[in-house]
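A.B. asks: Okay, predicted coordinates and the sequence, questions at the end:
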Amino acid sequence: MDKKLILQHNIIEIIMSDDLFGCFGSDSDNDDDGDDGAVASIDVDANVKDMKSSQSQSQSQSQSQSQSQSSQVVAREESCGVLSFHKNTEQSLLVNVRNNMNSAGATSLLPCEGVLQEIDKYCFRKHWMMHIGPEKKRMIQDTLLNTIQKKMENHTRSPNKNKFICVELGTYCGYSSICLAQASASLNLDELNLDLDFHLFTVEINPEFAKVAREMIQLAQVEDIVTVLDNDLFMDGSTGDVGALIRDAIASKYGGDVGDEDADTFMGIDFLMIDHDKDSYLPDLQRLERSGLIRRGTCVVADNVLFARIDEYVNYMKELGEMGEGIVTTVTKEASVEYSGKMQGAGQGQDDVDLDVFKDGVGKSRYCMFHQFYLARV
Ligand SMILES: C[S@@+](CC[C@H](N)C(=O)[O-])C[C@H]1O[C@@H](n2cnc3c(N)ncnc32)[C@H](O)[C@@H]1O
């Protein structure tokens with residue numbers, strides 16, 4: 001097998017000349033990875049629990065199925081372990097998820113959870129992939145729900161109070177987009193007396209991945225609240241301006257002037273998830289700052305900050321934290337690299353990995369001040 005190791009934009013790609021996975025058919029086993037832990041520790045907990053209790057009935061059924069089927073669990077081949085990349089894995093994953101979601105014995109979980117669990121199973125058993133995975137899923141869902149709650153509490157006068165704009169850089173196959181949509185959909189709006197208008201704009205540079213993500217998002221039935229945007233990649237390797245891309249997308253969805261910086265009416269980004277090209281974290285964040293979309297209250301979550309050593313971005317956030325009374329507050333939550341540990345509940349499918357080597361972290365930052373204060377310097 002012809003393997004080539006390429007270091008590009010800090011992402012390791014191992015390209016193999018033949019497609020190992022074109023032959024993957026449907027994975028019809030129905031077991032559950034049991035990673036469904038508590039989603040939020042905030043007031044909306046009760047509503048999340050409501051949803052979870054209806055899910056947990058169907059999950060306990062599939063869990064008992066999983067126990068009886070555990071002998072069928074197949075571990076990943078060594079060549080498909082952590083940080084291995086093969087051509088067409090994304091298409092193979094999509095076929096797998098599509099078949100399992102549409103099969104007669106399809107999971108009885110709600111569509112989002114069904115799709116996420118199918119993806120997790122594939123990644124633990126067949127091929128490692130770079131979705132955030134179940135451990136970081138819980139972290140970003142908690143953070144999103146906290147941010148929604150804070151906005152609802154703090155912006156009582158704003159006419160746009162009910163709008164919650166979420167942006168993601170790096171869609172890949174749509175896994176983290178579905179996690180974010182799932183968390184927002186878990187809120188029981190009637191019970192909370194909320195009129196939340198949540199929308200996620202997620203940006204992908206690879207049109208093939210964007211296509212996979214659009215279908216995955218449809219299978220999860222969240223296409224009404226998630227828009228996949230294509231970022232341009234130019235011949236010289238440069239990319240489109242994400243600031244302009246997001247402003248146009250928000251304006252075309254909601255109309256009006258996005259950038260009216262009157263704090264009461266301004267429609268900026270409430271929650272930003274950065275998980276794309278590691279060298280572009282800081283430049284793209286600064287593009288969004290310059291375009292006026294980052295504002296007081298914006299929460300920014302950045303994946304892989306420890307594992308991929310995204311020091312420029314980390315140092316910038318640290319600097320903002322030290323300016324004045326602190327423009328940004330940041331905490332880094334440790335986690336392991338996606339799909340590098342055991343698949344909970346399955347008992348097999350794990351890698352024999354050194355978890356110290358695969359230690360990762362998610363940076364969570366919150367802008368505490370109106371952005372004009374620091375904009376002059378970016
Ligand atoms: C680590 S993956 C994202 C995983 C995804 N967030 C998830 O957890 O499901 C990184 C993705 O960013 C995309 N990407 C790289 N550079 C980009 C850019 N400048 N703009 C948008 N997407 C980019 C890659 O094509 C790849 O699909």
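C.D. replies: Sure, I can see it. Because the structure is a prediction, the values reported are computed rather than measured. Numbers count the residues shown, from 1 in each chain.
A.B. asks: dump the residue contacts of the nearest residue to Q221 once chain neighbours are set aside.
C.D. replies: Once flanking residues are discounted, Q221 sits nearest to P111: 4.3 Å by CB to CB, 6 or more residues apart in numbering. C-beta here means a position set from N, CA and C on the backbone, and glycine is covered the same way. By CB atoms under 8 Å, 6 or more residues apart in numbering, the contact list for P111 reads 101, 219-222.
A.B. asks: Do I have it right that T147 meets D270?
C.D. replies: Yes. Assessed by CB atoms under 8 Å, T147 is found in contact with D270 at 6.2 Å.
A.B. asks: Can you name the residues bridging to C299?
C.D. replies: Judged by DSSP bridges, the bridge partners of C299 are F271, R366.
A.B. asks: Relative to T89, how far out is it?
C.D. replies: Using CB to CB, to the nearest Å, C299 is found at 31 Å from T89.
A.B. asks: Pull up the residues of the stretch 251-378 of the chain that are close to the ligand.
C.D. replies: 275-277, 280 (CB under 6 Å from any ligand atom).
A.B. asks: let me fix that: the stretch 101-250 of the chain
C.D. replies: Residues of the stretch 101-250 of the chain lying close to the ligand (CB under 6 Å from any ligand atom) are 130-132, 169-170, 172, 175-176, 203-206, 209, 231, 239.
A.B. asks: hmm, which of these are the buried ones?
C.D. replies: 130-132, 169-170, 172, 175-176, 203-206, 209, 231, 239 (16 or more other CB atoms under 10 Å).
A.B. asks: and the least confident of those residues?
C.D. replies: Across these, the smallest pLDDT goes to T239, namely 89.
A.B. asks: Please identify the helix or strand for the nearest residue to C179 once chain neighbours are set aside.
C.D. replies: The shortest distance from C179 to any non-neighbouring residue, by CB to CB, 6+ apart, is to K137 (4.7 Å). K137 is part of helix 133-154 when elements are defined by DSSP states H and E.
A.B. asks: Note down every partner strand of the following helix or strand past that helix and its orientation.
C.D. replies: On the C-terminal side of helix 133-154, the closest following helix or strand by DSSP H and E is strand 163-169. Using DSSP bridges, the strands paired with strand 163-169 are strand 197-204 (parallel), strand 271-274 (parallel).
A.B. asks: Does anything pack onto the helix or strand following strand 163-169? Which helices or strands?
C.D. replies: Later in the chain than strand 163-169, the nearest helix or strand by DSSP H and E is helix 175-185. Applying 3 or more CB pairs under 8 Å, 6 or more residues apart in numbering; DSSP states H and E, we find helix 175-185 packed against helix 111-125, helix 133-154, strand 163-169, strand 197-204, helix 207-219, strand 226-230, strand 271-274.
A.B. asks: go with 6 Å
C.D. replies: helix 111-125, helix 133-154, strand 197-204 (3 or more CB pairs under 6 Å, 6 or more residues apart in numbering; DSSP states H and E).
A.B. asks: Report the backbone C-alpha coordinates of the following helix or strand past it in CSV.
C.D. replies: Where DSSP H and E defines the elements, the next helix or strand beyond helix 175-185 is helix 189-192. The C-alpha coordinates for helix 189-192 follow below in CSV (Å, rounded to 0.1, in the frame of the first residue of the first chain):
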residue,chain,number,x,y,z
LEU,A,189,-39.6,26.4,24.5
ASP,A,190,-43.3,26.3,25.6
GLU,A,191,-42.5,25.3,29.1
LEU,A,192,-39.7,27.9,29.3
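A.B. asks: can you give me the strands in the stretch 251-378 of the chain?
C.D. replies: Under the criterion DSSP state E, counting those that start in this stretch, strands of the stretch 251-378 of the chain are mapped to 271-274, 299-302, 328-336, 359-367.
A.B. asks: May I ask which helix or strand encompasses M101?
C.D. replies: Applying DSSP H and E as the criterion places M101 in helix 89-102.
A.B. asks: Which residues in that helix does the neighbour count mark as buried?
C.D. replies: Neighbour count says helix 89-102 has 89-101 buried, by 16+ other CB under 10 Å.
A.B. asks: repeat for stretch 245-257
C.D. replies: By 16+ other CB under 10 Å, the buried positions in stretch 245-257 come out as 245-247, 249-250.
A.B. asks: what's in contact with it?
C.D. replies: 167, 201, 229, 258, 291, 293 (CB atoms under 6 Å, 6 or more residues apart in numbering).
A.B. asks: what residues are up against the third one?
C.D. replies: L229 makes contact with 201, 203, 245, 249 under the criterion CB under 6 Å, 6+ apart.
A.B. asks: Return the closest of those with respect to the ligand.
C.D. replies: Of all the contacts of L229, V203 has the smallest distance to the ligand: 4.7 Å, by CB to the nearest ligand atom.
A.B. asks: so the closest one touches N231, yeah?
C.D. replies: Yes. Assessed by CB atoms under 6 Å, V203 is found in contact with N231 at 5.0 Å.
A.B. asks: Tell me the spacing between C80 and the ligand.
C.D. replies: 17 Å (CB to the nearest ligand atom, to the nearest Å).
A.B. asks: neighbours around that residue, how many?
C.D. replies: For C80, the count of nearby residues is 20 (other CB atoms under 10 Å).
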